[in-house]
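Asks: Any chance you could fold what I've pasted below:
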Amino acid sequence: MAMGLLAHHLAQRGMDARVHSAGTLGWGGPATNHAVETLAARGLDLSEHESRRIKGEDVAEADLIIGMTRDHVHGVIIHDRSAIERTFVMGEIVRLGNKVGPRKPDQSVRDWCATVAALRPKGRPAGISTDDIADPVGEGLEVYAKTADRLDALCAATAALLLPDGAHGEIVDIDPLNKP
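Replies: All right, here's what the predicted structure looks like:
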């Protein structure tokens, strides 16, 4: 759901972002029926989504990697320590990004991410418990809707931080991590 919502909010702001979804576990398959239905109610089509495992080249190419949980972020960082400055928990990118402020017109997404990452306490892992987004798999539509509400707000805030009003559009590569 994060992929669809983030792509939607970035497109509304004029950013031609390549938003991908990948997981830290190794199985594939379509989005759950509840996820498809929840986003369809918001006018977004997730019916063609197929989960996949994140690859090293995904990490290397991404300007920003967003995990739904601290475990997702740690899974990326364990395999590619250089990604620490551009890998965040969903709530963390907004929480810390709001302290830094929106990306400046002459600032790359990677440079803005490094500035945001510098606010993390030294010697501490990425994120705090309230930054995590619980996976609604196995839950009912009401839980999916509440999860989508939270994701929608965080994705809108992330898009506003990445491409503030009046900023020029550009192409960036963003990988939200989900559990497949």
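
Asks: So residue 155 sits against residue 2, correct?
Replies: Yes: counting by C-beta atoms under 8 Å, residue 155 touches residue 2, with 6.5 Å between them. Any C-beta I mention is one placed from the backbone N, CA and C, and that applies to glycine too.

Asks: Give me the more crowded residue out of the two.
Replies: Taking neighbours as other C-beta atoms under 10 Å, residue 155 and residue 2 compare with residue 155 leading, 26 against 23.

Asks: For that one, report the pLDDT, please.
Replies: For residue 155, the pLDDT comes out at 96.

Asks: cool, residue 175 as well?
Replies: Residue 175 is given a pLDDT of 49.

Asks: ok, now residue 180?
Replies: 39.

Asks: got it, and residue 138?
Replies: 84.

Asks: SS state for it?
Replies: coil (DSSP: H, G, I helix; E, B strand; the rest coil).

Asks: Run a quick neighbour tally on it.
Replies: Neighbours around residue 138, by other C-beta under 10 Å: 8.

Asks: Same check on residue 131?
Replies: 22.

Asks: can I assume it is in contact with residue 71?
Replies: No: if you go by C-beta under 8 Å, residue 131 and residue 71 don't touch, sitting 11.7 Å apart.

Asks: so residue 37 makes contact with residue 141?
Replies: Yes: using C-beta under 8 Å, residue 37 is in contact with residue 141, at 6.7 Å.

Asks: And the lengthiest helix in the chain, what's buried?
Replies: The residue-count maximum for a helix in the chain (DSSP state H) belongs to helix 141-162. Neighbour-count burial for helix 141-162 flags 143-144, 147-148, 151-152, 154-162 (criterion: 16 or more other C-beta atoms under 10 Å).

Asks: Over to stretch 64-72 now: how far is its first residue from its last?
Replies: 14 Å (C-alpha to C-alpha, to the nearest Å).

Asks: got the buried residues for it?
Replies: 64-70, 72.

Asks: Tell me which stretches of this protein form helices.
Replies: Under DSSP H, the chain gives helices at 2-12, 33-40, 56-61, 70-79, 90-100, 109-117, 141-162.

Asks: Check those helices for me: which has the lowest mean pLDDT.
Replies: helix 56-61 (a mean of 83).

Asks: gap between it and the chain center?
Replies: Its chain's C-alpha centre and that of helix 56-61 lie 15 Å apart, by C-alpha atoms, centre = their mean, to the nearest Å.

Asks: Kindly report the same for stretch 139-150.
Replies: Counting by C-alpha atoms, centre = their mean, stretch 139-150 comes out at 17 Å from the chain centroid.

Asks: Mind listing residues that contact it?
Replies: Residues outside stretch 139-150 that contact it (C-beta atoms under 8 Å, 6 or more residues apart in numbering) are 1, 5, 32, 34-35, 37-39, 41-42, 133-134, 136.

Asks: That'll do, ta.
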